[in-house]
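Novice: My questions are about this predicted structure, shown below with the sequence.
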Amino acid sequence: MNSQQFENVTLIEHPVINRDLTILRDVSTGTAQFRAALKRIAVILAYHALKELPLKTFEVETPIEKTTGYDIEQDVMVVPILRAGLGLSDALLQFIPDAKVGHLGMERDETTHEPVDYYSNIPDGVEEDMVLVVDPMLATGGSAHDALSFLEKQGAQHLRFVSLICAPEGLRKLEQEHPDVHTITAAIDKKLNEDAFIVPGLGDAGDRYFGTT
Ligand SMILES: O=P(O)(O)OC[C@H]1O[C@H](OP(=O)(O)OP(=O)(O)O)[C@H](O)[C@@H]1O
Ligand SMILES: O=c1cc[nH]c(=O)[nH]1
Ligand SMILES: [Mg+2]
């Protein structure tokens, strides 16, 4: 499936992503290799997710002459959806070391597949900042929808969603509920199964990243 079927979705294609997604999908991949592959893809996603940041110019003096310098004009806030989102947030902080970090704790109920919120801590500045909500898996879209709605209620106006693997069902939900939010992802998979897991997916991202079951 390609991103052209969805408004406001950028599907990042890169040979390193293809190789690392395969490592992540492989059921025999252990925790260390899983973390390393996720972190490599996260850097590529972060690079693309920050592409639209506005710049300001100023004069800088090189050893040879004065020239135009650039700095990022807008503050950035990274908001991982706990737990699995934590695996993506460091990559963004490598590029924007002074970014604020908010946290939203959510866990899907295994029977209803609805997210249950258990924690929130969002720094000041959410109205003006570029706010990047990060979570490797977009399945039904319930968790991302809750997170984006919560931030919109707090006044967020410049929201992006950064994900590793999206199901079409989740992308359709975001398209309907948050048409202004741009999604950056490394894969759009086939569908959800009866347990609302992404097919083929990689299983439970949080469990595989943190070594829980
Ligand atoms: O689109 P949805 O249907 O809402 O599913 C996606 C959510 O499920 C996973 O989290 P999980 O509930 O497993 O929590 P965890 O990160 O603590 O493992 C994943 O990291 C997303 O947050
Ligand atoms: O496939 C899925 C769906 C929800 N959460 C995950 O971690 N994986
Ligand atoms: Mg999980």
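Specialist: Done, it's in. Ligands and ions are numbered 1, 2, ... in the order given.

Novice: Off-centre distance for the longest helix along the chain?
Specialist: If you go by DSSP state H, the chain has its longest helix at helix 31-49. Its chain's C-alpha centre and that of helix 31-49 lie 11 Å apart, by Cα atoms, centre = their mean, to the nearest Å.

Novice: let's number from 16 now, not from 1
Specialist: Sure thing, new numbering starts at 16, so read that last one as helix 46-64.

Novice: List the buried residues of it.
Specialist: 49, 50, 52, 53, 54, 56, 57, 59, 60, 61, 64 (16 or more other Cβ atoms under 10 Å). For every residue, glycine as well, the C-beta is placed using N, CA and C.

Novice: can the residues you listed go into JSON lines with extra columns for distance to ligand 2 and pLDDT?
Specialist: Compiled in JSON lines, the buried residues of helix 46-64 are given as follows (distance: Cβ to the nearest ligand atom, whole Å; pLDDT from 0 to 100):
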{"residue": "49", "distance to ligand 2": "12", "pLDDT": "98"}
{"residue": "50", "distance to ligand 2": "15", "pLDDT": "98"}
{"residue": "52", "distance to ligand 2": "15", "pLDDT": "98"}
{"residue": "53", "distance to ligand 2": "12", "pLDDT": "98"}
{"residue": "54", "distance to ligand 2": "17", "pLDDT": "98"}
{"residue": "56", "distance to ligand 2": "15", "pLDDT": "98"}
{"residue": "57", "distance to ligand 2": "15", "pLDDT": "98"}
{"residue": "59", "distance to ligand 2": "20", "pLDDT": "98"}
{"residue": "60", "distance to ligand 2": "16", "pLDDT": "98"}
{"residue": "61", "distance to ligand 2": "20", "pLDDT": "98"}
{"residue": "64", "distance to ligand 2": "20", "pLDDT": "98"}
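
Novice: check contacts around residue 205.
Specialist: By Cβ atoms under 8 Å, 6 or more residues apart in numbering, the contact list for residue 205 reads 16, 182, 183, 214, 215.

Novice: Up against ligand 3, what does the protein have?
Specialist: Residues of the chain found near ligand 3 (Cβ under 5 Å from the ion) are 219, 221.

Novice: give me that answer again for 8 Å
Specialist: 98, 99, 122, 123, 152, 219, 220, 221, 222 (Cβ under 8 Å from the ion).

Novice: is ligand 2 contacted by the helix or strand harbouring residue 131?
Specialist: Remark: residue 131 resides in strand 130-136, with elements defined by DSSP states H and E. No. Contact of strand 130-136 with ligand 2 is not found when judged by Cβ under 6 Å from any ligand atom; the minimum separation is 10.1 Å.

Novice: Residue 68 belongs to a helix, doesn't it?
Specialist: No. Using DSSP: H, G, I helix; E, B strand; the rest coil, the assignment for residue 68 is coil, not a helix.

Novice: Return the distance of the residue lying closest to it once chain neighbours are set aside relative to residue 72.
Specialist: Distance criterion Cβ to Cβ, 6 or more residues apart in numbering; nearest residue to residue 68, sequence neighbours excluded, is residue 87 at 5.2 Å. Residue 87 sits 11 Å away from residue 72, going by Cβ to Cβ, to the nearest Å.
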